[in-house]
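Asker: Mind looking at a prediction? Sequence and model below.
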Amino acid sequence: MINNSYLTNSITTQLSRDIQDIRSRLDRTSSEAVTGKVADATKHLSGQIGKAMLTQKAIDAIERDNGLLQLREARLDLTQQSLDRMQQNLASISVRALDALSAGSPVERDALGADARAQLDATMLALNARHGERFLFSGDATDKVPFGTSDALMTDIRAIADASTDKADFEARLDAFFDDDTGDFANTFYRGSKTSSDADAVTGLNPAIRDTIRNLAVLSMAASNDSLSNFSNTEALDIIAGSANKLIQADADLTQLRAATGILQQRVSDGMDGLAKEKLVLSGLLEGMTARDQYEAASELKSLEASLEASYMLTARLSQLSLMNFLR
């Protein structure tokens, strides 16, 4: 009786171990049936672990590169939007300027001055755009707002007009103010850096931007009671005509600048598409290394469940035999 009891207990102990093992396999196989991936990738890969690690490293590198491209994409998109806002009404303002010249009416000049000033305000707001904490048009000085207010600029331009003796003197003073090397516009009003280490960036001193601001500022003084009235009527009209024509050229230059930005956007988009294709290939390769046939896992799961049920039944019978042996 003692020998039979010992044998029964030994079998029961082994069954308990088997049941624990089956339950662990059930958990693992259940996960594999759901996810389609092996639960223990390291054990499964064995000799291929080095290849798998290199593949994963390549995928991680692609994700980092894609993150950088997404950052470039966002900045270029905001730059393009800012340039678009700058350009939206330039053509209509030039037309209004020509209308004011042909009509010779103070009302037309007043309307031109108001429209030009509104566009100047919109332009300055667009140029002070930023992405996160980075100001887009400040060159390398990305932590600085590139431009002051329209009011501050107009104060300077009106002072130039008030100090000028005639049209030629006014234009010469404007040239000096907007000179890239020594002028107050580049060295005082513009607060960013003149250079940019980011090849995608457009600085506030780009000629298309500078000329747009200059001629909008001049046309903002077109109203009959503003600073252009300091000149003779003929000279004032000549100044308006000259700025209107220069604004048309600035509009064309902005179109070219936006086209160049668009090319960069397309390159970034193509780069992201290329990375997506590379990641798809590498991810497929990695998944192939760690994939588990879900149909096969489901079949094994049923077999394990049956084994577990049989083990429980056998354990129960052995427990009854042990009890009977004890009662004897």
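Answerer: Looks like it arrived, so ask away.
Asker: use CA for all of it now, contacts and neighbours both
Answerer: OK.
Asker: could you pull out the strands for the chain?
Answerer: In the chain, the segments counted as strands under DSSP state E are 130-131, 134-135.
Asker: ok, the residue sitting nearest the centre point of the chain - contacts?
Answerer: In the chain, the centroid-proximal residue (Cα atoms, centre = their mean) is Ala74; its distance is 2.5 Å. For Ala74, the contacting residues are His131, by Cα atoms under 8 Å, 6 or more residues apart in numbering.
Asker: now swap in Thr149 and tell me
Answerer: Per Cα under 8 Å, 6+ apart, neighbours of Thr149: Met124.
Asker: ditto for Ala91
Answerer: Ile248, Asp251.
Asker: Show me the shaky parts of the stretch 201-328 of the chain.
Answerer: Low-confidence segments of the stretch 201-328 of the chain (pLDDT under 70): 288-328.
Asker: Break down it into its helices, ranges please.
Answerer: Assigned helices in the stretch 201-328 of the chain, in chain order: 207-219, 233-290, 294-327 (criterion: DSSP state H, counting those that start in this stretch).
Asker: how close does Ala250 sit to Leu98?
Answerer: Relative to Leu98, Ala250 is positioned 16 Å away (Cα to Cα, to the nearest Å).
Asker: Of the two, give the one with the bigger neighbour count.
Answerer: More crowded of Ala250 and Leu98, by other Cα atoms under 10 Å: Ala250, with 25 against 19.
Asker: Can you report how many residues lie near the spatially closest residue to Ala244 that is not a sequence neighbour?
Answerer: Leaving aside its sequence neighbours, Ala244 sits nearest to Ser94 (Cα to Cα, 6 or more residues apart in numbering; 5.0 Å). By other Cα under 10 Å, the residues close to Ser94 number 24.
Asker: Isn't Leu69 up against Arg267?
Answerer: No. The pair Leu69 / Arg267 is not scored as a contact, 9.8 Å apart, by Cα atoms under 8 Å.
Asker: Looking at those two, which is more packed in?
Answerer: Taking neighbours as other Cα under 10 Å, Leu69 and Arg267 compare with Leu69 leading, 19 against 14.
Asker: wait, what's in contact with the nearest residue to that one once chain neighbours are set aside?
Answerer: Counting by Cα to Cα, 6+ apart, Val268 is the residue found nearest to Leu69 once chain neighbours are left out, at 6.2 Å. Counting by Cα under 8 Å, 6+ apart, Val268 makes contact with Leu69, Arg72, Glu73.
Asker: what about the first one, distance to Ser138?
Answerer: This points to Leu69. Distance, Leu69 to Ser138, by Cα to Cα: 21 Å.
Asker: if we can go back for a sec, give me the distance between the residue nearest to Ala244 and Asp110.
Answerer: Counting by Cα to Cα, the gap from Ser94 to Asp110 is 14 Å.
Asker: cool, Asp162 as well?
Answerer: As judged by Cα to Cα, Asp162 and Asp110 stand 19 Å apart.
Asker: Likewise for Ala176?
Answerer: Taking Cα to Cα, one finds Ala176 at 27 Å from Asp110.
Asker: Between these two, which is the more surrounded one?
Answerer: A count of neighbours by other Cα under 10 Å puts Asp110 above the other of Ala176 and Asp110, at 19 against 15.
Asker: So the more buried one is in contact with Asp226, correct?
Answerer: No. Contact criterion Cα under 8 Å: Asp110 and Asp226 do not qualify, at 9.0 Å.
Asker: Where does the prediction get shaky in the stretch 1-150 of the chain?
Answerer: 1-16, 18-19, 21-49, 103-104.
Asker: For Gln249, give its distance to Pro207.
Answerer: 11 Å.
Asker: same question, Asp84
Answerer: Distance, Asp84 to Pro207, using Cα to Cα: 16 Å.
Asker: Name the nearest residue to Met86, sequence neighbours excluded.
Answerer: In space, Met86 is closest to Thr123, 4.8 Å off (Cα to Cα, 6+ apart).
Asker: surely that neighbour meets Asn89?
Answerer: No. When contacts are counted by Cα under 8 Å, Thr123 is not listed as touching Asn89 (10.2 Å).
Asker: From the chain's centroid, how far away is stretch 251-261?
Answerer: Here the centre of stretch 251-261 is set off from its chain's centre by 21 Å, with Cα atoms, centre = their mean, to the nearest Å.
Asker: Could you check that stretch and say which residues are buried?
Answerer: Residues Asp251, Ala252, Asp253, Leu254, Thr255, Leu257, Arg258, Thr261 are the ones in stretch 251-261 that count as buried (16 or more other Cα atoms under 10 Å).
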